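> I'll drop the sequence and a predicted model, then ask my questions.
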Amino acid sequence: MRKLRVSFIFQESAVEFSIKSGSPEKQRTACVVVGVFESRKLSLPAELLDNAARGHLSELLRRGDMEGKAGNTLLLHKVPGAEADRILLVGLGKEREFREKEYRAAIAATVRTLNETGGFDGTIYLTELPVKKRDIAWRVRQAIIAVEETLYRFDRLKSKKDEVRRPLRKLTFCVERRGELAAAEQALREGQAIAAGMSLMKNLANLPGNLCTPTYLAEQARALAAEHGLAAEILGREEMEQLGMNTLLAVARGSHQPPQFIVLKYQGGKSGKGNDKPIVLVGKGVTFDTGGISLKPPPEMDEMKFDMSGAASVLAAIKAAALMKLPLNIIAVVPAVENMPGGSATRPGDIVTSMSGQTVEILNTDAEGRLILCDALTYVERFEPDCVIDVATLTGACVIALGHVVSGLLANDDGLARELLDAGNASWDRAWQLPLFEDYQEQLQSNFADLGNIGGRPAGTITAACFLSRFAKKYEWAHLDIAGTAYKSGKEKGSTGRPVPLLTHFLIERAAKVGAGGTASQ
Ligand code: BES
Ligand code: MN
Ligand code: ZN
């Protein structure tokens, strides 16, 4: 059989973005994009165009060509009074209901239409639309994310790819006032960094388990390090044995794929400035989770290729930070393993000693995420972290509790939790906090070891976090359970790129706090 080669994981965006301020009727571009609210109400930029066109647009609306329903678009050629070749009207739905979700949907509809109609160059006025409580920076960042999300394809493993005849190449976002230009340009760079991170995460997570192995993740981490000047250190099985990472190794035992322990360091912080303690991001890197001897049932088991989404998200976040040249020190740590059954696999009831010295009774080999994370949490103590955030598709219970809308957040420090919740809200990649009360800890009691690796059916997400908390006592720590948010099932099956926006925004805010230079992007 021919070996599949998967390269160019780090392809950059196909679209060139820029920011501008100026009137819509004066734009010499292939296409000017303006919004229309339901029913038949022109947005402000659309009104300007209409004035220049002596009421041509309002006339069309009156005749019923466009209602302004969300998602509808109408492409017009050679509109009198306008310099652009075409005008694209985009339906926005009811003005009173125009919020975050609707804003992103309008950008997505724009991109789809431009891509289908050969409008390879567009000047978009939707960024001028008011979205309640969201400033120009938010609107620009979200516009870029929505564009990249709409254009994203994962077709490298298909023999036949849908080629777009004249794909979108250039997009300009408009701001109403010149005074907004600086903020918008800063947001443009941030949006591009977030989008680049999201696309890296998606490319890694969408890749199937036979190709995306722990070794592959390690190679990609090395490539990422070379590209962005990061320091990379990758520990193999023997080094992990020497360190006593026995809970991690217990997960890897059933697989022929060797485990890898990946450490990437980004040094953007200046020492002596009070910001030299690293922010440590730990990502669960189970490249495929069969459940092990506690084997999972067949339905949807293919989706367990996404069980390395946490790993992908922390690699993506450090890439985004490097692209923005944030003045921070950041370390991404990925314990990477495959969880398989087999003759030498860990059995339910086996007891192992973790790197911390605590003994763990592995009652269920399908609760493997916490077993690899706990040794990683002990390992990172050596960095004397400012804080540690782990990211993991950890529990099915989190999907039951919170669905696919928000990620679960648990923390041993309320300040850190608050920052992450705020970052989630600001980046529209939200999380919701669950309690980590001491009372839940007793569910982890084991008759034979210091603790068991499962806590029974009640509060499964909380007891998983309780397990991790036993290994995170030496620093401020937060845990993101992304089991419900990292990927979609069904017809739209695929990685979502979450929580890269949340993590990246958290880093941007941290950078703004430490360095008076702000996000120092160039
Ligand atoms: N990777 C799964 C969690 C998961 C489930 C993610 C569904 C996404 C969708 C994790 O390793 C797991 O199997 N967790 C078990 C824990 C249980 C055995 C205590 C679970 O949630 O069922
Ligand atoms: Mn599992
Ligand atoms: Zn898992």
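It's in. Ligands and ions are numbered 1, 2, ... in the order given.
> Tell me which residues of stretch 71-87 come out buried.
Neighbour-count burial for stretch 71-87, counted by 16 or more other C-beta atoms under 10 Å, picks out 72-74, 76, 79, 82, 84, 86-87. For glycine as for every other residue, the C-beta is placed from the backbone atoms N, C-alpha and C.
> Average pLDDT for it, rounded please.
Stretch 71-87 shows a mean pLDDT of 94.
> hmm, who's touching it?
Residues outside stretch 71-87 that contact it (C-beta atoms under 8 Å, 6 or more residues apart in numbering) are 24-34, 49, 52-54, 56-57, 60, 65-66, 88-91, 105, 109-110, 113, 117, 119, 123.
> out of those residues, which are inside helices?
49, 52, 56-57, 60, 105, 109-110, 113 (DSSP state H).
> hmm, which two among these are most spread apart?
Pairwise distances across these peak at 27.6 Å for A52 and A105 (criterion: C-beta to C-beta).
> How about the residues of the protein by ligand 3?
286, 289, 307, 369 (C-beta under 5 Å from the ion).
> Recalculate using a threshold of 8 Å.
Within the chain, the residues that sit near ligand 3 (C-beta under 8 Å from the ion) are 284, 286, 289, 304, 307, 339, 366-369, 392-394.
> E239: neighbour count?
12 (other C-beta atoms under 10 Å).
> Which of the three states applies to the residue of the chain found nearest ligand 2?
Going by C-beta to the ion, ligand 2 is nearest to D366 of the chain, at 3.9 Å. Judged by DSSP: H, G, I helix; E, B strand; the rest coil, the three-state class of D366 is coil.
> so which strand or helix has V147?
helix 136-151 (DSSP states H and E).
> pretty sure R40 is in contact with D65, am I right?
No. Taking contacts as C-beta atoms under 8 Å, R40 lies outside contact range of D65: 9.7 Å.
> okay, now the residue nearest to P259 when sequence neighbours are not counted: neighbour count?
Sequence neighbours aside, A252 is the residue nearest to P259 in space, at 3.9 Å (criterion: C-beta to C-beta, 6 or more residues apart in numbering). Counted with other C-beta under 10 Å, the neighbours of A252 add up to 28.
> S21 too?
Count around S21 with other C-beta under 10 Å applied: 14.
> Now do the contacts for it.
174-178, 180-181.
> got the domain boundaries for the chain?
According to automatic domain parsing, the chain comprises the domains 3-180, 195-515.
> give me the residue from the stretch 51-200 of the chain nearest ligand 3.
Across the stretch 51-200 of the chain, no residue is closer to ligand 3 than L200, which sits at 21.1 Å (C-beta to the ion).
> Quick one: mean pLDDT for the host helix or strand of that residue?
Using DSSP H and E, the element containing L200 is helix 181-206. For helix 181-206, the mean per-residue pLDDT is 98.
> sec struct for W432, please.
strand.
> quick one on the thing from earlier: would you format the buried residues of stretch 71-87 as TSV with secondary structure included?
Formatted as TSV, these follow (three-state DSSP):
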residue	secondary structure
N72	coil
T73	strand
L74	strand
L76	strand
V79	coil
A82	coil
A84	coil
R86	strand
I87	strand
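> Straight-line length of stretch 298-312, end to end?
Start-to-end span of stretch 298-312 (C-alpha to C-alpha, to the nearest Å) is 25 Å.
> Run through who's touching it.
So stretch 298-312 is contacted by 200-202, 204-205, 207-209, 212, 217, 262, 282-290, 296, 334, 336, 339, 369, 390-393, 480, 482, 486-487, 489, 493, 495 (C-beta under 8 Å, 6+ apart).
> Does ligand 1 have contacts with that stretch?
Yes. With C-beta under 6 Å from any ligand atom as the measure, stretch 298-312 is seen reaching ligand 1 through D307.
> Could you check that stretch and say which residues are buried?
304-312.
> Please apply the same query to stretch 473-484.
Residues of stretch 473-484 classed as buried under the neighbour-count rule (16+ other C-beta under 10 Å) are 475-484.
> anything in it near ligand 1?
Yes. Using C-beta under 6 Å from any ligand atom, stretch 473-484 reaches ligand 1 at A483.
> So what's the residue count around Q260?
Neighbour count for Q260, taken as other C-beta under 10 Å: 25.
> wait, doesn't it sit right on E338?
No. In terms of C-beta under 8 Å, Q260 does not count as a neighbour of E338; the distance is 10.4 Å.
> what about the residue nearest to T117 when sequence neighbours are not counted, which SS state?
Take T117 and drop its neighbours on the chain: the residue closest to it by C-beta to C-beta, 6+ apart is L75, 5.8 Å away. Following three-state DSSP, L75 is assigned to strand.
> ok, now how distant is L75 from ligand 1?
L75 is 41 Å from ligand 1, where distance means C-beta to the nearest ligand atom, to the nearest Å.
> partners of that residue in the sheet?
Under DSSP bridges, the beta-bridge partners of L75 are L88.
> Report the secondary structure state of L249.
Assignment for L249 (three-state DSSP): helix.
> Next, work out how far apart the nearest residue to it once chain neighbours are set aside and L204 are.
Spatially, and ignoring its direct neighbours in sequence, L249 is nearest to M240 (5.9 Å; C-beta to C-beta, 6+ apart). Relative to L204, M240 is positioned 22 Å away (C-beta to C-beta, to the nearest Å).
> How many residues are close by D414?
Using other C-beta under 10 Å, D414 has 10 neighbouring residues.
> cool, and the one 4 residues further on?
A count of nearby residues for R418, using other C-beta under 10 Å, gives 12.
> likewise the one 5 residues further on?
When neighbours are defined as other C-beta under 10 Å, A423 has 23 of them.
> What about the buried residues of stretch 298-312, which are in helices?
309-312.
> tell me which strands and helices the longest strand out of those in the chain is in contact with?
Determined from DSSP state E, the single longest strand within the chain is strand 329-339. Under the contact definition 3 or more C-beta pairs under 8 Å, 6 or more residues apart in numbering; DSSP states H and E, strand 329-339 sits against helix 214-228, helix 246-252, strand 260-267, strand 279-283, strand 285-289, helix 309-324, helix 369-379.
> The fifth one close to ligand 1?
Yes. Judged by C-beta under 6 Å from any ligand atom, strand 285-289 comes into contact with ligand 1 through D289.
> Show me what that strand pairs with in its sheet, parallel or antiparallel.
Checking strand 285-289 against DSSP bridges gives partners strand 329-339 (parallel).
> Would you agree G22 is in contact with E176?
No. In this structure G22 lies outside contact range of E176 using C-beta under 8 Å: 10.1 Å.
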